[in-house]
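Trainee: Fold the following and give me the result.
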Amino acid sequence: MKLTILGGGGFRVPLVYGALLADRAEGRVTAVTLYDTDADRLTAVARVLADQAEGVPDAPTVLATTELDEALRGADFIFSAIRVGGLEGRAADERVALDEGVLGQETVGAGGIAYGLRTVPVAVALARRIAAVAPDAWVINFTNPAGLVTEAMSRHLGDRVIGICDSPVGLGRRIARLLGADPGRAWIDYAGLNHLGWVRGLYIDGRDELPRLLADPELLGSFEEGKLFGAELLRSLGAIPNEYLHYYYFNREAVRAYQDAEQTRGAFLRDQQEGFYARMRDPATPALTAWDRTRAEREATYMSENRDVAGAGERAESDLESGGYEQVALALMRAVARNERTSLILNVRNRTTLSVLDADAVIEVPCLVDANGAHPVAVAPLPYHAVGLVTAVKAVERAVLDAAATGSRATAVQAFALHPLVDSVAVARRLVDGYTKAHPGLAYLNRA
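Mentor: Residues are numbered from 1 along each chain as shown. I've put the predicted structure just below:
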């Protein structure tokens, strides 16, 4: 099989290739094409992949190209992992939002809206080109904001685009291990939107074990989400929220922590990765070693401001293990390509799964996957506290999609103003002004 990675010069691409190297089953990926608009980054990542493949028999071949149609032709699967505006754009998203006293995180709040406004037009153009050049390919979307971008692409690719995120998988894995269960045997009752979901149950042999966790303060305080949210809140919710809900439940504290930080997350990653790619211009740099060291630092500092707010301390060693989104993607590909039926938490069109949303809304829920794609599983209705957030954020996503399609500045303002973490229409207007000034790519927002 041929796999094409859009955004092939991205820093996390070696995680995907490492997973492919470990796959020895029949029908595995034998050819990988990396596509990126940045030739230097492509060269750097290709060097890392070459080091990874050294000594591995029958390693998938790697082709790097800056020609989109060349990358798409003949692809069986396409990973979309683009970052419009780069990490400099992410740093600007954070800075503009924090100057207005609101959250600038890349997928949540004002920063996520800004990222979506400049990403959706590019993702839609890619979806149209995929439909023309590789109509039989399955598209797996990694690009953030993952649910929003998947919904934008689904309007042109239908159910052949599926969004993935490793956050729900990691959360379910941590809960299962706490309860002494095999994560591979656990059924996770999870529902919501990307970065806005809750584990409502974890079933082992048909028995829900989550109440046992919620009733044990010591267990609750021993893992990442328990430290972030606190046992009292988790018991009151009767569920374990995705870690990104910390931005909603502790918004003031999170904003203050980001404002007080020496450097925002986006600025840190920008500087870190600029250093990595600069070192990779030296042919003598050991590529895989340099990448490994950079990745370890990146993972250890993930959501550090939120952990500081909660007093959660350093990330546990078990939370730094590999096996994240690249393993979800590989399992998804196997299920589709080989009809190896499995269950995964994915971003797919709702159909009738969540009654509070329409059929085309992309949601994040458990799915059964086979050769015909991903099929959302019926789940219990969302509790009211979740309904409010999910419907509000979906309204924001729809406003972003409308603004991207029409170029309407007023609709872009509406997207910001509707978000639960933006508390003023006046702030929303200033955010649109600030982001259009920071990002030339948003110049299309020039209609009333």
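Trainee: mind listing the strands for this structure?
Mentor: Along the chain, counting by DSSP state E, strands occupy 2-6, 31-35, 61-65, 77-80, 138-141, 161-163, 187-193, 196-204, 207-208, 240-241, 342-349, 362-370, 373-376.
Trainee: Tell me which strands the first one pairs with, and in which orientation.
Mentor: The reference is to strand 2-6. strand 31-35 (parallel), strand 77-80 (parallel) (DSSP bridges).
Trainee: would you list those strands in JSON lines and tack on mean pLDDT?
Mentor: As requested, the strands paired with strand 2-6 are exported to JSON lines (pLDDT from 0 to 100):
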{"stretch": "strand 31-35", "mean pLDDT": "98"}
{"stretch": "strand 77-80", "mean pLDDT": "98"}
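Trainee: So which of the strands of the chain has the densest surroundings on average?
Mentor: With neighbours taken as mean count of other CB atoms under 10 Å, the strands of the chain reach their highest mean count in strand 161-163, at a mean of 28. (Each C-beta comes from the backbone N, C-alpha and C, glycine too.)
Trainee: how distant is that strand from the center of its chain?
Mentor: 11 Å (CA atoms, centre = their mean, to the nearest Å).
Trainee: could we number from 610 for the rest of this?
Mentor: Okay, residue one is now 610; in that scheme the one you just asked about reads as strand 770-772.
Trainee: surely residue 971 meets residue 962?
Mentor: No - in this structure residue 971 lies outside contact range of residue 962 using CB atoms under 8 Å: 10.9 Å.
Trainee: Take the strands of the chain and write them to a markdown table, including distance to residue 894.
Mentor: Shown next, in a markdown table, are the strands of the chain (distance: least, CB to CB, whole Å):
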| stretch | distance to residue 894 |
| --- | --- |
| strand 611-615 | 22 |
| strand 640-644 | 19 |
| strand 670-674 | 18 |
| strand 686-689 | 26 |
| strand 747-750 | 31 |
| strand 770-772 | 34 |
| strand 796-802 | 40 |
| strand 805-813 | 40 |
| strand 816-817 | 51 |
| strand 849-850 | 41 |
| strand 951-958 | 36 |
| strand 971-979 | 38 |
| strand 982-985 | 40 |
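Trainee: ok, back up a step: ok, which of the strands paired with strand 611-615 comes nearest residue 806?
Mentor: Nearest of the strands paired with strand 611-615 to residue 806, taken as CB to CB: strand 686-689 at 21.1 Å.
Trainee: neighbouring contacts of that closest one?
Mentor: Applying CB atoms under 8 Å, 6 or more residues apart in numbering, the contact partners of strand 686-689 are 610-616, 625, 638, 681, 732, 735, 739, 743, 746-752, 758, 762, 770, 938, 942, 945-946.
Trainee: residues contacting the closest residue to residue 906 other than its chain neighbours?
Mentor: Distance criterion CB to CB, 6 or more residues apart in numbering; nearest residue to residue 906, sequence neighbours excluded, is residue 881 at 6.8 Å. Shown in contact with residue 881 (CB under 8 Å, 6+ apart): 903, 906, 907.
Trainee: repeat that with 10 Å
Mentor: Contact analysis of residue 881 by CB atoms under 10 Å, 6 or more residues apart in numbering lists 620, 696, 903, 904, 906, 907, 910.
Trainee: Are any of these buried, and if so which?
Mentor: 620, 696, 903, 904, 907, 910 (16 or more other CB atoms under 10 Å).
Trainee: From these, which land in helices?
Mentor: 696, 903, 904, 907 (DSSP state H).
Trainee: so how far is residue 681 from the last one?
Mentor: Right, residue 907. Between residue 907 and residue 681 the computed distance is 29 Å (CB to CB, to the nearest Å).
Trainee: what does the first one give?
Mentor: Residue 696 sits 25 Å away from residue 681, going by CB to CB.
Trainee: just the second one next, same as before
Mentor: If you measure residue 903 against residue 681 using CB to CB, the figure is 29 Å.
Trainee: related to what we said a few turns ago, so which of the strands of the chain comes closest to residue 789?
Mentor: strand 805-813 (9.3 Å).
Trainee: what's the angle from the closest one to strand 796-802?
Mentor: 170 degrees (axes from the mean of the first three to the mean of the last three CA atoms, to 10 degrees).
Trainee: quick one: strand 805-813 to chain centroid distance?
Mentor: Centroid displacement of strand 805-813 relative to its chain, using CA atoms, centre = their mean, is 19 Å.
Trainee: Using PDB, write out every CA atom in it.
Mentor: In PDB, the C-alpha atoms belonging to strand 805-813 read as follows (Å, rounded to 0.1, in the frame of the first residue of the first chain):
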ATOM      1  CA  LEU A 805     -14.300  18.500  24.400                       C
ATOM      2  CA  GLY A 806     -15.300  15.000  25.500                       C
ATOM      3  CA  TRP A 807     -16.000  12.900  28.600                       C
ATOM      4  CA  VAL A 808     -15.400   9.300  29.700                       C
ATOM      5  CA  ARG A 809     -18.700   8.300  31.200                       C
ATOM      6  CA  GLY A 810     -17.900   4.600  31.700                       C
ATOM      7  CA  LEU A 811     -15.200   2.000  31.200                       C
ATOM      8  CA  TYR A 812     -16.500  -1.500  30.700                       C
ATOM      9  CA  ILE A 813     -14.600  -4.700  31.300                       C
END
